[in-house]
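Participant: Starting from these lines, generate the structure:
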Amino acid sequence: MLSAPTELAWCRADFEGRAPEPRMPGDPPEPGPDRARVWRRRDGSDPHLTLRRYGAALAEPRPRRLRPVSSHCSLWFSTVLRFPFENAGTVIGPYSGGTHQIRSLRRDGVAVAAPARSTRPDRPGASCPDGPPRPVRMGSGPRPPPLTPECTMELFPPLPLESWRDTKETLHRFAQVIGKIRLAGSARRNHWWNVPFHLTGRGITTRPTGPTRGGDAFTIDFDFTDHRLYVRTLDGAEDSFPLAGRSVGDFYRDTLRALVHLDIDVLPEHPYPYDLPDAHRPFADDHEHRSYDPAAVTTYWHVLSQVALLLEEYAAGYSGKTSPVHHFWHTFDLAVTRFSDRETDQPAADPVTREAYSREVISAGFWFGDDNVPAPAFYSYTAPEPVGLDTRPLRPDAARWSPGRGSHLALLMYEDVRAADDPWNTALEFLESAYRAGADLAGWGRERECPGGITDSELRTLPGADGRTSGR
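Facilitator: Predicted coordinates:
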């Protein structure tokens, strides 16, 4: 752990572009772009070892990656770096290692620099040119111009399957590696809710997992801003490596190496792809899938984040049992599921399916395309499927029922949503129409519907009723 004075010196030097203050005896070495920390296992033993598990060699340890900016540095920026800006009050400057849009926020007469979306050109997906941070004037005088349209993230950007198919196939298998670690290390939840990924502000996460066999709890995060995989324990230890330039076999080996380095005792029970064409080949032997286009992954992440927010809004309209909005590594889709209280009869289903569909469900989601539907699409299905579901109307007109495996899937293609005058509400309209089709035929009733997330019967207004709930 670095001392606060040392980190403040580094932060100050980084911001001001000068050499840091003299270091005290015993302080860590001066930071640089390649700085790393040499560490040992908890028992004091050297982690330089070779261990073969499931065909992956775990050899030289990867240096622990230290983050260049800490809470001490943030504290220094908010309390020390105050300087006059003409006669318009004071401002606080942002960290100079990345470009930030400074927003005006008056706190005790001080303008606080709030970081906005990254615009660094070395990060794929950035739509604005880089440039120095702009101070914000407080009081009279001109203010910085607002963000231009070019700096605004596009709603539902294009992502044709063929434009990133090879990258998607690689990333899908990366996700299955980490998903199987989550499966092995987490407590089982109803309907397998412990298994999928959740979204973060920078990517997707396993959430805290474990502890396993006396070790520390940990998380594994895909960071689609830095394009790295991070493995972190709750005591602050961390290991990471880039996602680009690796085959699935390399990724699997580096992931297990990171787990060993952090004393995390968990491994996939079946280290093979699940329900993919190469399900017979171990992850460790897959050197075929190695494409990783950071720009395409950034777009995938933007789409994933936007659709997740849309599904959260859709989920708010039902107060009954509802799953989280989560990202499945099995089929590489994003979904949220509404449940009734009625159990289902599944005499021929396997144990995994029986648990997933032990109650009646109406599921809504989005996937990025596959061999069966070779384009991104919003979808919905009802299980068990009531008779006549495929005869019920869907909205908008571009939506359709797609038959497959003895049931029907409601589909609205992503490109049809993008072409609509109001893409967001068009997608919501589709999901609501598909839900209404299944719920009416299955006899779910409407007592659990809560438009806008309002459950109080005196405050809510059901769809189709006169009047609206007024805000206070």
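
Participant: Next one: Val195, what pLDDT does it get?
Facilitator: Listed pLDDT for Val195 reads 85.

Participant: For it, give me its contacts.
Facilitator: Contacts for Val195 (C-beta atoms under 8 Å, 6 or more residues apart in numbering) come out as 179, 182-183, 186, 328-329. C-betas here are computed from N, CA, C, even on glycine.

Participant: Check Gly210 too.
Facilitator: Contacts of Gly210 (C-beta under 8 Å, 6+ apart): 185-186, 216-218, 264, 266.

Participant: Restricted to helices, list those.
Facilitator: Members of the contacts of Gly210 lying in helices (criterion: DSSP state H): Gly185.

Participant: Among the contacts of Gly210, pick out the one closest to Arg392, please.
Facilitator: Ser186 (37.8 Å; C-beta to C-beta).

Participant: what about the residue nearest to Pro376 when sequence neighbours are not counted, neighbour count?
Facilitator: If the residues on either side of it in the chain are set aside, Pro376 comes closest to Tyr414, at 3.7 Å by C-beta to C-beta, 6 or more residues apart in numbering. Other residues within reach of Tyr414, judged by other C-beta atoms under 10 Å, total 24.

Participant: Do I have it right that Tyr414 meets Phe156?
Facilitator: Yes. Tyr414 is within contact range of Phe156, at 7.0 Å (criterion: C-beta atoms under 8 Å).

Participant: Show me the helices in the stretch 251-400 of the chain, by range?
Facilitator: Remark: helices assigned in the stretch 251-400 of the chain by DSSP state H, counting those that start in this stretch are 294-315, 351-356.

Participant: Including distance to Thr322, could those helices go into CSV?
Facilitator: Formatted as CSV, those follow (distance: least, C-beta to C-beta, whole Å):
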stretch, distance to Thr322
helix 294-315, 5
helix 351-356, 15
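
Participant: and which of the contacts of Gly210 is nearest Ala419?
Facilitator: The shortest approach to Ala419 among the contacts of Gly210 belongs to Ser186, at 40.5 Å (C-beta to C-beta).

Participant: isn't the closest one right up against Thr209?
Facilitator: Yes. In this structure, Ser186 is within contact of Thr209 by C-beta under 8 Å, at 5.1 Å.

Participant: Tell me which of these two has more neighbours.
Facilitator: Using other C-beta under 10 Å, the more surrounded residue of Ser186 and Thr209 is Thr209, with 21 against 18.

Participant: I'd like to know how far the more buried one sits from Pro196.
Facilitator: From Thr209 across to Pro196, the span is 13 Å (C-beta to C-beta, to the nearest Å).

Participant: State the number of residues packed around Pro160.
Facilitator: Counted with other C-beta under 10 Å, Pro160 comes out at 14.

Participant: what number of residues lie near Phe430?
Facilitator: Using other C-beta under 10 Å as the criterion, Phe430 is surrounded by 26 other residues.

Participant: Now for it, which secondary structure element holds it?
Facilitator: Phe430 belongs to helix 423-442 when assigned by DSSP states H and E.

Participant: List of residues touching that helix?
Facilitator: With contacts defined as C-beta under 8 Å, 6+ apart, helix 423-442 is touched by 155-156, 310, 313-314, 317, 338, 340, 360, 362, 364, 378, 380-382, 385-389, 392-396, 399, 410, 412, 416-417, 420, 444-446, 463.

Participant: Checking Trp401 next. Helix, strand or coil?
Facilitator: strand (DSSP: H, G, I helix; E, B strand; the rest coil).

Participant: What's opposite it in the beta bridge?
Facilitator: For Trp401, the beta-bridge partners under DSSP bridges are Ala410.

Participant: Can you name the residues that contact it?
Facilitator: By C-beta under 8 Å, 6+ apart, the contact list for Trp401 reads 389-390, 394, 408-411.

Participant: And the furthest pair within the contacts of Val195?
Facilitator: Farthest-apart pair in the contacts of Val195 is Ser186 and Phe328; separation 14.7 Å (C-beta to C-beta).

Participant: nearest residue to Asp416 other than its sequence neighbours?
Facilitator: Ala398 is the one closest to Asp416 (C-beta to C-beta, 6+ apart), at 4.1 Å.

Participant: Show the pLDDT at the residue nearest to Gln346 when sequence neighbours are not counted.
Facilitator: The spatial neighbour of Gln346 that comes closest, neighbours along the chain excluded (C-beta to C-beta, 6+ apart), is Arg354 at 5.2 Å. Model confidence at Arg354, given as pLDDT, is 74.
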